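> Dropping the sequence and predicted coords here.
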Amino acid sequence: MPRFLLVSLNIKAILQETTLSRRREKLAIMKDSLSLGDAYDATIGRIKAQGGDRARLGMNALMWISHSERPLSVDEICHALAVETGSTDINPNNVPSIRTVLSCCQGLATVDKGSSTIRMIHFTLKKYLSGHAHLLDGAHSKMAETCLTYLNFQAIKDLSAGPFSDPRSTPFLRYSSLHWGTHIRMELSEFSKSLARDLLDQFGNHISAELLWKSAVERHFNSLQPFSALHCISYFGIAGVAIDLIGPRRWDVNQRDSVGLTPLMWAARHGHEETVKLLLQQKHTQPDLPDAEHGRTALSWAAGSGHE
């Protein structure tokens, strides 16, 4: 596969030239430098040379494909790429077609027909991008900002916390609800922290709370309350956000959610050491409380999950 991929990328590079003479020159150069890394270098160069919005779209698509927590569907990536960070509402006219996205990626991305997800053309591209981290600098903070901007859209806030009828109208809602905290934990920016505050201020009545809660417990409950903002922060382990929020707000650090877990238990269960330490430093935290369902303490949850 790498050999055929190399040929394909080199042919695309040759065909980008505008005259027969330039194509012959490009072919001569490639005869002396036939490596997949060189082909990726050249293709990234072509993506950037598109200029303007096409260059931005191509590089952002590669960012999402290579750094997302799971493969994104065609609709998900198109809507993610449409988000202008810091904007206040969805602009449906800003959503690119998948054909445009693939074109801007210059052959480095393709759609898996079986799953309708977008992926890299070959696994070696992920290795290449990992070795050239400067190409996608700040990827996780940008992705967190995108997810949080989306969740703070007025159209999303207007959705009720109950079942909504047509998820196709908000295809990026599930991914952004379940993974914004993972991206922000990996790379925190001041802007993403500000956006997180905006979401957490209304978290109890936000539809993303229900989606996160159902994913976290993998069971259905008629009520998601009280899965508080502090539970959310602890579940994701985003101590950088918790430090700013836990002081000025009088959250009940021992509050139980609908399955009887406290924020400390969620942090311990997932091995979020910094968040555990922060919660233990709070004056009223009771670390030896058992959960309501299994009678397990935070220490039991940490040990049971193998977290030191």
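Structure's in. What do you need?

> need the strands for the stretch 1-150 of the chain, in chain order.
For the stretch 1-150 of the chain, applying DSSP state E, counting those that start in this stretch gives strands covering 109-112, 117-120.

> in its sheet, what does the first one sit against?
Strand 109-112 pairs in its sheet with strand 117-120 (antiparallel), by DSSP bridges.

> Identify the residues contacting the strand it pairs with?
For strand 117-120, contacts defined as C-beta atoms under 8 Å, 6 or more residues apart in numbering pick out 61-62, 65-66, 71-74, 77, 98, 101, 108-112, 126. Heads up, the C-betas are built off the backbone N, CA and C, glycines and all.

> Which of those are buried, as a ChimeraX select command?
Once 16 or more other C-beta atoms under 10 Å is used to decide burial, the buried members of those can be selected in ChimeraX as follows:
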select :61,62,65,66,72,73,74,77,98,101,108,109,111
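
> Among the contacts of strand 117-120, which ones are in helices?
Where the contacts of strand 117-120 overlap with helices, as defined by DSSP state H, the overlap consists of 61, 62, 65, 66, 74, 77, 98, 101, 126.

> list the buried ones in stretch 279-291?
Buried residues in stretch 279-291, counting neighbours by 16+ other C-beta under 10 Å, are found at 279, 285, 289, 291.

> swap in stretch 254-268?
Within stretch 254-268, the residues that qualify as buried are 256, 257, 258, 259, 261, 262, 263, 264, 265, 266, 267, 268, counting by 16+ other C-beta under 10 Å.

> can you tell me which of these are in helices?
Using DSSP H, 263, 264, 265, 266, 267, 268 are the members of the buried residues of stretch 254-268 that sit in helices.

> hmm, back to that, taking the buried residues of stretch 254-268, tell me the two that lie furthest apart.
Within these, 258 and 268 form the most distant pair, 18.4 Å apart (C-beta to C-beta).

> quick one: contacts for the closest residue to residue 150 other than its chain neighbours?
Nearest in space to residue 150, with sequence neighbours left out and distances taken as C-beta to C-beta, 6 or more residues apart in numbering, is residue 176 at 4.8 Å. Neighbour list for residue 176: 80, 146, 147, 148, 150, 151, 208 [criterion: C-beta under 8 Å, 6+ apart].

> Looking at the residues you listed, point me to the pair that's furthest apart.
Put simply, by C-beta to C-beta the two of the contacts of residue 176 set farthest apart are 80 and 208, 15.1 Å from each other.

> Which one's more surrounded, those two?
Under the neighbour definition other C-beta atoms under 10 Å, residue 80 and residue 208 were set side by side, and residue 208 has more, 26 against 23.

> Surely the more buried one is in contact with residue 177?
Yes. Proximity of residue 208 to residue 177 meets the contact threshold set by C-beta atoms under 8 Å, at 3.7 Å.

> shared neighbours, these two?
Between them, residue 208 and residue 177 have residue 151 as joint contacts when contacts are counted by C-beta under 8 Å, 6+ apart.

> Next, work out how far apart residue 115 and residue 87 are.
Distance, residue 115 to residue 87, by C-beta to C-beta, to the nearest Å: 30 Å.

> Return the per-residue confidence for residue 291.
Confidence per residue is given as pLDDT, and for residue 291 that number is 89.

> show me the contacts for the spatially closest residue to residue 261 that is not a sequence neighbour.
The shortest distance from residue 261 to any residue that is not its chain neighbour, by C-beta to C-beta, 6+ apart, is 5.3 Å, and that residue is residue 291. For residue 291, the residues meeting the contact criterion (C-beta under 8 Å, 6+ apart) are 256, 259, 260, 261, 262, 265, 297, 301.

> Can you pick out the most distant pair from those residues?
Between any two of these, the greatest separation by C-beta to C-beta is 14.8 Å, found for 259 and 297.

> if we can go back for a sec, more neighbours: residue 115 and residue 87, which one.
More crowded of residue 115 and residue 87, by other C-beta under 10 Å: residue 87, with 14 against 11.

> ok, the spatially closest residue to that one that is not a sequence neighbour - contacts?
Sequence neighbours aside, residue 149 is the residue nearest to residue 87 in space, at 6.4 Å (criterion: C-beta to C-beta, 6+ apart). Going by C-beta under 8 Å, 6+ apart, residue 149 touches 83, 84, 85, 86, 87, 195.

> Among those residues, name the buried ones.
When burial is judged by neighbour count using 16+ other C-beta under 10 Å, the buried members of those are 83, 195.

> What's the mean pLDDT across stretch 131-142?
Per-residue pLDDT over stretch 131-142 has a mean of 95.

> Pass me the low-pLDDT residue ranges in the chain, would you?
Within the chain, the set of residues satisfying pLDDT under 70 comprises 1-36, 160-168, 218-226, 247-250.

> Distance-wise, check residue 243 relative to residue 264.
In this structure, residue 243 and residue 264 are separated by 16 Å, where distance is defined by C-beta to C-beta.

> Can you get me a residue count around residue 192?
Residues contacting residue 192 under the criterion other C-beta under 10 Å number 27.
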